[in-house]
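Sequence plus predicted model, see below.
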Amino acid sequence: MTPANSTSDSSVLPAVGFALTGFAIFSLHDALVKSVQVVPVFQIVFFVVLASFVPFTLFVGVSRQERSLRPNMPVLVALRCLFTAGSLFSAFYAFGNLPMAEVYSLLFSAPVLITLLAIPVLGERVKFVRGLAIVLGLIGVIVVLRPGQSSFSMGHAAALFAAFCIASSSVVTRLIGAREHSLTLILYPMLTNVVLSGAALFFVYEPMPSKALLLCCAAGALSVIAQTCVIQAYRSAEAQFVAPMQYSQMIWAVIFGTLWFNETLDRWVIAGSSIIVLSGLMFIWRELVASVKQPVLRTRNLRMMSGPQVTPSEADKDENP
């Protein structure tokens, strides 16, 4: 008899397929965002998130479940919203100023930061393997940045700040995920992004070409589609099979960067990215061996509107007796 908490072979392959599809669509979303460089980043965020409300509203409308969207822990939900907004603004800026592969390599350092933040916030201990993974991740970031050999730009700072916000959002979600409904964790960050970017438009708005507007709308729709694919993947199989698939985005970054944006491959970025990916896989392996639930495995694409919560929370289960 198959254990209740195990995943059957028949569900693993579809879950991996959903994950690879979702992360590929996310990469296309990032490429579309990168291609819209004729307007300020606040304007891009506003229209991308605003466009994502259309499929999100349709999903909520066709759902027959009654739910309360009032946060149970409003202070932490608000804090998570700010971190989510910070990660989105920073990541969008980084994509506009750095090669895609370089941005991904720095964003993939988030598991290192998650583990470091989990020590004081969640009271977790770091043993040898996780400590080694942290060191490798930091070495990978240093290799990518090449201090002393290349200039440190605002794009690099934005990517690192986005990784920090992602890690912070993940740790906060670990604290509140079981008490908040999934739709609450999706809706409020979206509203926060729209309000903050909309307020900024009063100061930075520039006339927007119709092509740029269409690209933003397409990116917003793709973000919801990709999110749905990844959520379905996590619901169909255990995180151990889904989480590593996010690193497939590096392949898409190379493809889109080379063919779409004429970006050249930097051997230092390739080397540093490989070290960072190895670090991330070590975190995943350690969590599986230890059989403990760490926030790293709940980290998926880092600009998803709903943050790292992908499995039904206790609040969701209460509404589905």
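Yes, it's here. Numbering: from 1, shown residues only.

hey, where'd the helices end up in the stretch 101-250 of the chain?
110-122, 128-145, 154-176, 182-204, 210-236, 239-242, 249-259 (DSSP state H, counting those that start in this stretch).

so E263 sits in a strand?
No. Under DSSP: H, G, I helix; E, B strand; the rest coil, E263 sits outside any strand and is assigned coil.

ok so, going back, A15 is nearest to which of the helices of the stretch 101-250 of the chain?
Minimum separation from A15 across the helices of the stretch 101-250 of the chain (CB to CB) falls at helix 210-236, 3.9 Å. Where you see a C-beta, it was placed from the backbone N, CA and C, and this is true even at glycine.

hang on, the earlier thing: pick the most buried one from the helices of the stretch 101-250 of the chain.
The highest mean neighbour count among these, using mean count of other CB atoms under 10 Å, belongs to helix 154-176: a mean of 23.

And it, what does it pack against?
Counting contacts by 3 or more CB pairs under 8 Å, 6 or more residues apart in numbering; DSSP states H and E, helix 154-176 packs against helix 74-97, helix 100-107, helix 110-122.

Kindly recompute the last result at 10 Å.
Helices and strands touching helix 154-176, by 3 or more CB pairs under 10 Å, 6 or more residues apart in numbering; DSSP states H and E, are helix 74-97, helix 100-107, helix 110-122, helix 128-145, helix 182-204.

Same list (those helices) but as TSV, adding distance to V171 and mean pLDDT.
Listed next are the helices and strands packed on helix 154-176 as TSV, based on distance: least, CB to CB, whole Å; pLDDT from 0 to 100:
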stretch	distance to V171	mean pLDDT
helix 74-97	9	93
helix 100-107	16	92
helix 110-122	5	83
helix 128-145	15	85
helix 182-204	14	89
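
closest to G220 out of these?
Per CB to CB, nearest to G220 of the helices and strands packed on helix 154-176: helix 182-204, 10.0 Å.

can you pull the alpha-carbon coordinates of that closest one into CSV?
Presented in CSV, the C-alpha positions along helix 182-204 are these (Å, rounded to 0.1, in the frame of the first residue of the first chain):
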residue,chain,number,x,y,z
SER,A,182,-4.8,31.1,-0.5
LEU,A,183,-6.9,33.8,-2.3
THR,A,184,-6.1,36.2,0.5
LEU,A,185,-2.4,35.6,-0.1
ILE,A,186,-2.9,36.2,-3.8
LEU,A,187,-5.3,39.2,-3.8
TYR,A,188,-3.7,41.5,-1.3
PRO,A,189,-0.2,41.6,-2.9
MET,A,190,-1.8,42.3,-6.2
LEU,A,191,-3.8,45.2,-4.8
THR,A,192,-0.7,46.5,-3.1
ASN,A,193,1.3,46.5,-6.3
VAL,A,194,-1.5,48.2,-8.2
VAL,A,195,-1.9,50.9,-5.5
LEU,A,196,1.8,51.6,-5.1
SER,A,197,2.6,51.6,-8.8
GLY,A,198,-0.5,53.6,-9.5
ALA,A,199,0.4,56.3,-7.0
ALA,A,200,3.9,56.5,-8.6
LEU,A,201,2.3,57.1,-12.0
PHE,A,202,1.4,60.6,-10.9
PHE,A,203,5.1,61.4,-10.9
VAL,A,204,6.6,59.2,-13.6
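
can you give me the angle that helix makes with helix 74-97?
50 degrees (axes from the mean of the first three to the mean of the last three CA atoms, to 10 degrees).

Take the helices of the stretch 101-250 of the chain and lay them out in JSON lines including distance to L76.
Shown next, in JSON lines, are the helices of the stretch 101-250 of the chain (distance: least, CB to CB, whole Å):
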{"stretch": "helix 110-122", "distance to L76": "11"}
{"stretch": "helix 128-145", "distance to L76": "25"}
{"stretch": "helix 154-176", "distance to L76": "5"}
{"stretch": "helix 182-204", "distance to L76": "11"}
{"stretch": "helix 210-236", "distance to L76": "22"}
{"stretch": "helix 239-242", "distance to L76": "22"}
{"stretch": "helix 249-259", "distance to L76": "29"}
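
how about those helices, which one is nearest M282?
So among the helices of the stretch 101-250 of the chain, helix 128-145 is nearest, using CB to CB, at 3.9 Å.

what packs against the closest one?
So helix 128-145, by 3+ CB pairs under 10 Å, 6+ apart, packs with helix 100-107, helix 110-122, helix 154-176, helix 267-290.

Report the rounded mean pLDDT for the last one.
Pointing back at helix 267-290 there. Averaged across helix 267-290, the pLDDT comes to 80.
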